[in-house]
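Novice: Provided below for reference: sequence and predicted model.
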Amino acid sequence: MDKSKQNKLGHMVVLSSFLAVFVLFGYRSSFSMLLGPMNKGLGLSVSALSTGYSLMMVIYAITAYFSGMIIDKWGTKPCYALGAVFTALGFLITSQATTYLTYLIPYSLCAGIGTGMLWVTSTVSVRKWYVGKNYGTMWGIAFAGAPLAQVILSLGLKSVLTTMDWRVAMRGLSVVVFVALIIAALAAKKSPETYGMVPVGVNPGTKNDKSAAEYLWSVKEAFSKFAIWGDIICFCTCVCGEFLAWTQVVNYWVKDVHLSLSTATYLYIVIGICGIFTMPILGILADRIVVKVGNEIKGRKIMLIMAPSLGIIAVLLLLLSKVSIVFAVIASMIFAGYWAIEPGGCAGYAGSVYGRKSLGRIWGLATLIIMGIGPATGSFIGGYFYDVFGSYKNSLLFALGSFLISLIVAFALPLSVTHSGKKAEDKVSAEI
């Protein structure tokens with residue numbers, strides 16, 4: 001096997017995932033910044049606008065399930081190509097909105113389908129190419145596209161929104177996401193087996209190379225185990241608190257803490273700046289933990305305990321932002337640490353338990369459940385509680401409880417699952 005070609009193709013997969021994550025999280029960060037201007041320009045309440053985002057996430061979740069099946073059958077190129085068209089239309093058509101329905105329908109439908117093609121595609125494609133001590137590092141590099149989007153798009157949007165209408169900003173974003181995903185589609189690659197290769201992290205030709213004999217889990221059998229349900233609960237409760245913060249935090253700093261929009265935006269950008277470094281660094285840390293404990297499942301579980309712990313600390317510090325802006329800065333830095341671990345960590349745990357070959361459909365269905373409940377609930381509750389109580393205090397307490405549930409379930413995650421009398425952990429040594 002040509003090792004240099006293996007690395008080259010693997011790096012192209014990481015590049016595609018990087019661009020997909022850039023677009024996906026660009027949608028998230030842009031909503032938090034566009035919320036205030038849209039609230040003023042369209043005359044709609046915060047909860048009404050947040051409902052559009054919540055509905056988008058429901059459609060995103062449904063689409064993500066089908067993207068998993070597309071990946072297993074045709075690879076990642078079709079997903080990125082469809083994502084390019086629909087994410088661009090989501091911004092472009094919504095920029096013409098004048099009523100609630102002309103905002104709600106195109107934003108939720110087009111953006112939901114477009115972004116739904118990105119998450120499962122990016123996580124699964126990296127997992128198919130990198131295993132064991134290599135996965136965390138390479139996913140960390142790919143996931144760095146998320147904070148980079150937050151920094152670049154937030155700074156760009158800030159410049160546009162202070163001088164022009166939010167509609168102009170959305171039209172510009174439509175071009176950015178289309179170009180990024182077309183490049184991702186061109187660079188995307190199928191599974192390594194298609195090219196006569198094995199994943200990076202598996203030593204071909206050695207007695208530990210068991211990838212060819214990897215057990216193929218059916219979706220039904222996989223979902224009969226607590227491992228996937230525990231992983232789903234961990235991720236779902238975390239993203240519930242996470243999306244509440246992402247969609248409302250700028251408004252929280254402006255409304256409750258009484259900071260200027262400019263200051264709140266810079267605080268938001270702190271998360272992105274820190275994330276650019278924490279993504280690869282904590283990815284490397286995760287891989288080192290896997291090597292140290294000698295069991296990938298156990299290593300990924302440790303990281304899933306760490307992530308919600310950081311989320312809890314970050315929310316507590318957000319609540320203290322009223323005392324001093326220093327707490328807001330520290331909260332942003334810690335939030336970047338949480339962000340670097342949880343999303344990739346959950347996919348990594350599922351991949352280490354169920355293997356690469358079965359991951360597309362399994363993680364697609366898991367994402368349908370997670371993203372159909374967590375983000376929609378979190379973003380809606382954040383806006384709704386603000387409208388009802390007149391502050392974000394109860395919204396943040398809700399997020400705190402969500403992270404706490406994730407932490408408790410993470411401790412209960414199993415270190416092995418059985419199928420046909422054999423343990424899935426038996427193949428882990430081949431991937432370290």
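Specialist: Structure received. Numbering: from 1, shown residues only.

Novice: all contacts plus neighbour counts: C-alpha atoms, from now on.
Specialist: Noted.

Novice: so which residues of the stretch 201-350 of the chain form helices?
Specialist: Along the stretch 201-350 of the chain, counting by DSSP state H, counting those that start in this stretch, helices occupy 219-222, 226-255, 261-293, 296-319, 325-354.

Novice: could I get these as CSV with distance to residue 84?
Specialist: As requested, the helices of the stretch 201-350 of the chain are exported to CSV (distance: least, Cα to Cα, whole Å):
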stretch, distance to residue 84
helix 219-222, 29
helix 226-255, 23
helix 261-293, 23
helix 296-319, 31
helix 325-354, 22
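
Novice: and those helices: which comes nearest residue 29?
Specialist: Closest to residue 29 of the helices of the stretch 201-350 of the chain is helix 226-255 (Cα to Cα; 6.9 Å).

Novice: and the closest one, what does it pack against?
Specialist: helix 3-42, helix 261-293, helix 296-319, helix 325-354, helix 359-389, helix 393-412 (3 or more Cα pairs under 8 Å, 6 or more residues apart in numbering; DSSP states H and E).

Novice: identify each buried residue in the first one, please.
Specialist: Residues 6, 9-36, 38 are the ones in helix 3-42 that count as buried (16 or more other Cα atoms under 10 Å).

Novice: can you name the next helix or strand after that helix?
Specialist: Once the chain leaves helix 3-42, the next helix or strand it forms, by DSSP states H and E, is helix 46-74.

Novice: what angle separates the helix or strand encompassing residue 112 from helix 46-74?
Specialist: In this structure, residue 112 sits in helix 100-116 according to DSSP H and E. Angle, helix 100-116 to helix 46-74, by axes from the mean of the first three to the mean of the last three Cα atoms, to 10 degrees: 30 degrees.

Novice: shaky segments in the chain?
Specialist: 1, 202-213, 420-432 (pLDDT under 70).

Novice: keeping just the C-alphas, turn stretch 119-139 into PDB.
Specialist: C-alpha atoms of stretch 119-139 as PDB (Å, rounded to 0.1, in the frame of the first residue of the first chain):
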ATOM      1  CA  TRP A 119     -22.600  16.800  10.400                       C
ATOM      2  CA  VAL A 120     -22.900  13.000  10.000                       C
ATOM      3  CA  THR A 121     -21.000  13.300   6.700                       C
ATOM      4  CA  SER A 122     -18.000  15.100   8.200                       C
ATOM      5  CA  THR A 123     -17.800  13.000  11.400                       C
ATOM      6  CA  VAL A 124     -18.300   9.600   9.800                       C
ATOM      7  CA  SER A 125     -15.900  10.300   6.900                       C
ATOM      8  CA  VAL A 126     -13.000  11.200   9.300                       C
ATOM      9  CA  ARG A 127     -13.800   8.200  11.500                       C
ATOM     10  CA  LYS A 128     -13.700   5.900   8.400                       C
ATOM     11  CA  TRP A 129     -10.200   7.100   7.600                       C
ATOM     12  CA  TYR A 130      -8.700   7.500  11.100                       C
ATOM     13  CA  VAL A 131      -9.000   5.200  14.100                       C
ATOM     14  CA  GLY A 132      -7.400   4.600  17.500                       C
ATOM     15  CA  LYS A 133      -4.700   7.000  18.400                       C
ATOM     16  CA  ASN A 134      -5.100   9.000  15.200                       C
ATOM     17  CA  TYR A 135      -8.900   9.800  15.200                       C
ATOM     18  CA  GLY A 136      -9.000  12.500  17.900                       C
ATOM     19  CA  THR A 137      -6.100  14.500  16.400                       C
ATOM     20  CA  MET A 138      -7.400  14.500  12.800                       C
ATOM     21  CA  TRP A 139     -11.000  15.200  13.900                       C
END
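
Novice: now that stretch, how far from the centre of its chain.
Specialist: Relative to the centre of its chain, stretch 119-139 is centred 13 Å away, using Cα atoms, centre = their mean, to the nearest Å.

Novice: what does stretch 38-53 give?
Specialist: Worked out by Cα atoms, centre = their mean, stretch 38-53 lies 24 Å from the chain centre.

Novice: equivalent analysis for stretch 39-59, please.
Specialist: 20 Å.

Novice: what does stretch 283-295 give?
Specialist: 21 Å.

Novice: gap between the nearest residue to residue 371 once chain neighbours are set aside and residue 111?
Specialist: If you skip the residues right next to it in sequence, residue 371 has residue 61 as its closest partner in space, 4.9 Å away by Cα to Cα, 6 or more residues apart in numbering. To residue 111, residue 61 is 12 Å away according to Cα to Cα, to the nearest Å.
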